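[1] pasted the sequence and its predicted model underneath.
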Amino acid sequence: NAGVMQNPRHLVRRRGQEARLRCSPVKGHSHVYWYRQLPEEGLKFMVYLQKENIIDESGMPKERFSAEFPKEGPSILRIQQVVRGDSAAYFCASSRSGQGDTEAFFGQGTRLTVV
Amino acid sequence: GDSVTQMEGPVTLSEEAFLTINCTYTATGYPSLFWYVQYPGEGLQLLLKATKADDKGSNKGFEATYRKETTSFHLEKGSVQVSDSAVYFCALAGGFKTIFGAGTRLFVKA
């Protein structure tokens, strides 16, 4: 049973470049969540997606950040023109339903370093 | 809005000591409550959960009781091991969104 797969595990980008983070949910899960974890801090909700739809992006910065979850393929979190403050661990989670009491399964995260 | 407050860490204990990590929450309605654990370099894993008042979640010797009257969900373990060293996150699920506390880092010394 494959869990949530995120890649790459580590990503280094220079300021101004683009970062693409991929997340393949657990097989059969159609709900995907992205969280950001800054060093020594907790997880902050960014965006919630179902297949082909963004349901809630209230935690995502209005500029430079975008997310998608196409009908086929993984969910992508895209950060354009990265800045040093974007350095963080980005975690993806998936669940079978969007109900709040459903367990979310987390990937191992992508650690983005902007130099 | 909904929020979760955890005791600040790090918490340092000797092996076999008793552990309590406090967690209180603010929410409208009746959310489900969770504890997740994050080992170094890993993602989060669900440790236990409770879905209604007075429910007790338990797993691997850890337990927590959903206390509606005090809006709390404190994590306890009677005898910690070195392998329990990790960061512990309290969380609530309101609607479709899971809200996390800031996390409490636990160090257990042999």
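    Everything's here; your move. Numbers count the residues shown, from 1 in each chain, chains lettered A, B, ... in the order given.
[2] who does the longest strand seen in chain B touch, helix- and strand-wise?
    Residue-count comparison of every strand in chain B, with assignments taken from DSSP state E, identifies strand B:86-94 as the longest. Of the remaining helices and strands, those touching strand B:86-94 by 3 or more CB pairs under 8 Å, 6 or more residues apart in numbering or on different chains; DSSP states H and E are strand B:3-6, strand B:23-26, strand B:32-38, strand B:97-100, strand B:104-109. Quick note: C-beta positions are derived from backbone N, CA and C, even for glycine.
[3] what pairs with the one helix or strand in chain A whose mean pLDDT sits lowest, and is each one parallel or antiparallel?
    Using mean pLDDT, DSSP states H and E, strand A:105-106 stands out as the lowest-scoring helix or strand of chain A, at a mean of 88. Sheet pairing for strand A:105-106, assigned by DSSP bridges, gives strand A:88-95 (antiparallel).
[4] quick one: mean pLDDT for the partner strand?
    Confidence over strand A:88-95, taken as the mean pLDDT, stands at 93.
[5] angle of it against strand B:32-38?
    Relative orientation of strand A:88-95 versus strand B:32-38 (axes from the mean of the first three to the mean of the last three CA atoms, to 10 degrees): 130 degrees.
[6] take the helices and strands packed on strand B:86-94 and lay them out in JSON lines including mean neighbour count and mean pLDDT.
    Shown next, in JSON lines, are the helices and strands packed on strand B:86-94 (neighbours: other CB atoms under 10 Å in any protein chain shown; pLDDT from 0 to 100):
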{"stretch": "strand B:3-6", "mean neighbour count": "19", "mean pLDDT": "91"}
{"stretch": "strand B:23-26", "mean neighbour count": "19", "mean pLDDT": "96"}
{"stretch": "strand B:32-38", "mean neighbour count": "25", "mean pLDDT": "93"}
{"stretch": "strand B:97-100", "mean neighbour count": "23", "mean pLDDT": "81"}
{"stretch": "strand B:104-109", "mean neighbour count": "17", "mean pLDDT": "95"}
